[in-house]
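Peer 1: sequence unknown, structure follows:
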């Protein structure tokens, strides 16, 4: 709603700014009034707002025009009064003509609106995710300082202490200002239970560095966040809406995070996104896991800063208590859209560009046929003395009005599409950007410009041709073909062929994506996700600090859940696709030389003995873990065994990763999918519960939770089991935090959200494009039949049967389709090349997809040609020839 | 905006007023209002028959300012309902006189209508 309001206010401002200078002083006031009127209308809903806003804007536009005309009159008419009268008469004529053909006009305006609306929406998503720089002051001078390990040659963004931030702050010759932040999970407890929220711990000056000021309340004060100070927090706009009920007065609002009460001192604006779009809480504080965010000093270039930071990094780090052999590098902030998001968005942009071209061609086609239909009117005008300029002006005004209608409706379509996109796009695609995703000035300017250009480029040439026909040929030819109309006919044919070609290209893309998506959904996970429920629990720090108590409690919980009716099996351990534990470093085997090269990164799964049986993940060799497992036991997957122990029995062999403990392989498990989206397989390591202390945990979680565990429960009726799980855990200890159970099948579906978005969008676009192309084809054939009625009559009089006539028209239509298909396959090629990296298990030149696209177009084309062909065959030659 | 010399014109020379002008003046007769206030007042005065659009309203306001029937008012309401961007307008003496003259004229119109029994029985 607010987006619509903002768009309307912007348009109104633009229009009001066009007023003559003499009335400018009132327009500020008028703007304020317009806002009040719109706000009042907004209370009655979206539609009322758009309706009232549009009427107000058109009123303002007409006032502005009148003021200018008055001004010119007063200034002694630099404009020829006659010319002015002629122009206004032509404008009126154009209006009337449009009104008399309102459904056709509406069709053009709506086609235009859909085309430019979707294009603008996709543009603004693309713009905010990929093109626009991060929305902070002096963004080009903001950098993050990362650790760089000189031994392992890897960079990592977290793990610097507040002291390191302080040490970098002292390098005043390089940096203006250095602040720090750390992403963190919190347990938010409220009377109805506990939930996990994402947040950031920041140094108090960070928001100031980013130029952000809260929409309500205040920023952090310099002393806040130090030990002994009262804990304070800022919350996101979304959190304020969902958890604080939009409370205006924040005076005594507090939230409990990790058992500490934080006073809420402010609400950040909805547009503020840092470090990504998903954080809900910002707290002031220090930590030993921060990422420093720095602003380069004015005279320091990026290159110099990069060199200096690398040179000083180790000294600065160790002076603040950091490890040796670790230096630092700088990296630009907010550059987080990953490659696949980028490709997905670019493919969407390509699809929307194709759709937009189809819309343009369709608009050209529609305006051409409108112009041809109006030949008789225009001929009358010409006969009564209208000059060609006047005729052209009438047509020009019509197009101007259509463009304006298209732009206004297009803005509505765009806001709607953005709303839908924000709801439908997976968080992985939108959370990365630090820009708000909405219809901003850039997108709006693009929308207006495209609307006007489309009308000028696609609307005026056909109009020009039509007026030429009128003036050169006049009345005499009646309905028969003239040289000009033959040219127009040829143009229309060309346009239809283009439309068919473009829609074939879109359909090829859609068919490829569909096949790839279907392949992705039906892929073998390596285990059976159906009937599995994942349940996350957290053991609170108060009471479970001791590892023995914790494991005892978890054993109890597993037993209680296992005893529930309908539960077939329960185990501890995360899904193979989760990666909460990692081991990295060189991979070592006894008796073999350590291979040099990039460090080996392996996901570690800490699992209990029943894990493989409950997941139905097969053990190919050796055995699963047993109750009293030997220290250092490990199960590896087939891929790892094949890569390093090809041809020998891996069971009993030993390995270690980096500086970790030596591991003995006791079994080999089947492969699972490492990355759902690419369906890639990777190495997997399974360690027994409690034996993965040497693995790294990349994300630190809530401080009030001592241990996190995931329980996987198998059941034939998961729906019946889900509601009983929390109670079973709380039966053991009500203080254990339980997250809502999740169906594993659903987690799998979410993991391929990005391909699904590409799939759904391109299908919608392709369908839309196909419909437009077929409407165009139908229009051209109907027109052709109308024009060739005379010829058809003669043919029938000379003995042609209805079948012959039908074949004649159908043949013509299908010939056009065939040419379009051939061109379309050529056009599809660049788009298909672009898409290649998104496709799974489908070749870019997949014959089945190409055939399917062509077949679908041919089939719908025959349907579109059928009605004109039937009409032609129904021609009665006697009636027709008598009419001559 | 060019101001004419301050020669007071005869109120009757403005008559008859257009319905919109009449209602705007009528709305301002209760005291100063800002633009949106005028729109709301006119809407309620006419039971929604006349809905002023912003553009039209400001053309009217400009004309009335030039004719010195209304003026920008310094008399602003209490600070909580006040908005810096907004201007308030109030009737001038001349404006009030014109409104009275028009009302009298309309009264005679009404009397004429009543005497022809167009409004049912005269009250």
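Peer 2: Sure thing, it's come through. Keep in mind the model is a prediction, meaning the values are calculated, not measured. Residues are numbered from 1 along each chain as shown, chains lettered A, B, ... in the order given.
Peer 1: for the rest of this, base every contact and every neighbour count on C-alpha atoms.
Peer 2: Will do.
Peer 1: so where's the stretch 701-850 of chain A uncertain?
Peer 2: Flagging of the stretch 701-850 of chain A using pLDDT under 70 yields the residue ranges A:701-703.
Peer 1: ok, which residues in it are in contact with chain B?
Peer 2: Counting by CA under 8 Å from any CA of the partner chain, the stretch 701-850 of chain A comes close to chain B at no residue.
Peer 1: and the strands in the stretch 701-850 of chain A?
Peer 2: Remark: strands assigned in the stretch 701-850 of chain A by DSSP state E, counting those that start in this stretch are A:705-715, A:737-738, A:742-743.
Peer 1: which residues sit against the first one?
Peer 2: To tie it back to what came earlier, the one meant is strand A:705-715. The contact list for strand A:705-715 (CA atoms under 8 Å, 6 or more residues apart in numbering or on different chains) reads A:258, A:531-542, A:544-545, A:550, A:558, A:566-574, A:614-615, A:721.
Peer 1: among those residues, which lie within helices?
Peer 2: For these, the ones inside helices are A:541, A:542, A:544, A:550, A:558, A:614, A:615, A:721, with DSSP state H as the criterion.
Peer 1: what's the pLDDT at the first one?
Peer 2: Residue A:541 carries a pLDDT score of 78 in this model.
Peer 1: for the fourth one, same thing?
Peer 2: Here, the pLDDT recorded for residue A:550 equals 85.
Peer 1: does the residue nearest to residue A:314 when sequence neighbours are not counted lie in a helix or a strand, and which?
Peer 2: Excluding the flanking residues, the one nearest residue A:314 by CA to CA, 6 or more residues apart in numbering or on different chains is residue A:327, at 4.2 Å. Remark: residue A:327 resides in strand A:326-332, with elements defined by DSSP states H and E.
Peer 1: right, and residue A:610 touches residue A:571 too?
Peer 2: Yes: taking contacts as CA atoms under 8 Å, residue A:610 lies within contact range of residue A:571: 5.8 Å.
Peer 1: would you list the strands of the stretch 701-850 of chain A in JSON lines and tack on mean neighbour count and distance to residue A:413?
Peer 2: Rendered in JSON lines, the data for the strands of the stretch 701-850 of chain A read as follows (neighbours: other CA atoms under 10 Å in any protein chain shown; distance: least, CA to CA, whole Å):
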{"stretch": "strand A:705-715", "mean neighbour count": "21", "distance to residue A:413": "44"}
{"stretch": "strand A:737-738", "mean neighbour count": "22", "distance to residue A:413": "42"}
{"stretch": "strand A:742-743", "mean neighbour count": "18", "distance to residue A:413": "35"}
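Peer 1: tally of neighbours for residue 46?
Peer 2: With no chain named, the answer covers chain A. 14 (other CA atoms under 10 Å in any protein chain shown).
Peer 1: wrong one, I was asking about chain B
Peer 2: Other residues near residue B:46 come to 11 when the count uses other CA under 10 Å.
Peer 1: local confidence estimate at it?
Peer 2: For residue B:46, pLDDT reads 89.
Peer 1: where's it relative to chain A, distance?
Peer 2: Look at residue B:46 and chain A: by CA to the nearest CA, to the nearest Å, they are 18 Å apart.
Peer 1: tell me the contacts of residue A:827?
Peer 2: Residues in contact with residue A:827 (CA under 8 Å, 6+ apart) are A:501, A:502, A:505.
Peer 1: neighbour-wise, which of the residues you listed leads?
Peer 2: residue A:505 (32 neighbours).
Peer 1: for it, pull up the helix or strand it's in.
Peer 2: helix A:483-521.
Peer 1: mind giving me the packing neighbours of that helix?
Peer 2: In terms of contacts (3 or more CA pairs under 8 Å, 6 or more residues apart in numbering or on different chains; DSSP states H and E), helix A:483-521 is packed against helix A:339-373, helix A:460-473, helix A:753-787, helix A:802-835, helix A:847-873.
Peer 1: format those helices as TSV; extra columns: distance to residue A:299.
Peer 2: Shown next, in TSV, are the helices and strands packed on helix A:483-521 (distance: least, CA to CA, whole Å):
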stretch	distance to residue A:299
helix A:339-373	33
helix A:460-473	53
helix A:753-787	42
helix A:802-835	41
helix A:847-873	57
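Peer 1: wait, which of the strands of the stretch 701-850 of chain A is closest to residue A:182?
Peer 2: strand A:705-715 (17.7 Å; CA to CA).
Peer 1: for chain B, which segments count as strands?
Peer 2: Counting by DSSP state E, one finds strands in chain B at the ranges B:33-34, B:70-73, B:88-91.
Peer 1: for these, give me TSV that also has distance to chain A.
Peer 2: TSV is the format used below for the strands of chain B (distance: least, CA to the nearest CA, whole Å):
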stretch	distance to chain A
strand B:33-34	8
strand B:70-73	11
strand B:88-91	9
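Peer 1: dump the ones you listed to a markdown table, plus mean pLDDT and mean neighbour count.
Peer 2: Shown next, in a markdown table, are the strands of chain B (pLDDT from 0 to 100; neighbours: other CA atoms under 10 Å in any protein chain shown):
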| stretch | mean pLDDT | mean neighbour count |
| --- | --- | --- |
| strand B:33-34 | 88 | 23 |
| strand B:70-73 | 86 | 19 |
| strand B:88-91 | 90 | 24 |
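Peer 1: how about a markdown table for those strands, with distance to residue A:252 added?
Peer 2: Compiled in a markdown table, the strands of chain B are given as follows (distance: least, CA to CA, whole Å):
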| stretch | distance to residue A:252 |
| --- | --- |
| strand B:33-34 | 37 |
| strand B:70-73 | 41 |
| strand B:88-91 | 38 |
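Peer 1: looking at those strands, which is nearest to residue A:638?
Peer 2: The nearest among the strands of chain B, by CA to CA, is strand B:33-34 at 78.2 Å.
Peer 1: in its sheet, what does that closest one sit against?
Peer 2: strand B:88-91 (antiparallel) (DSSP bridges).
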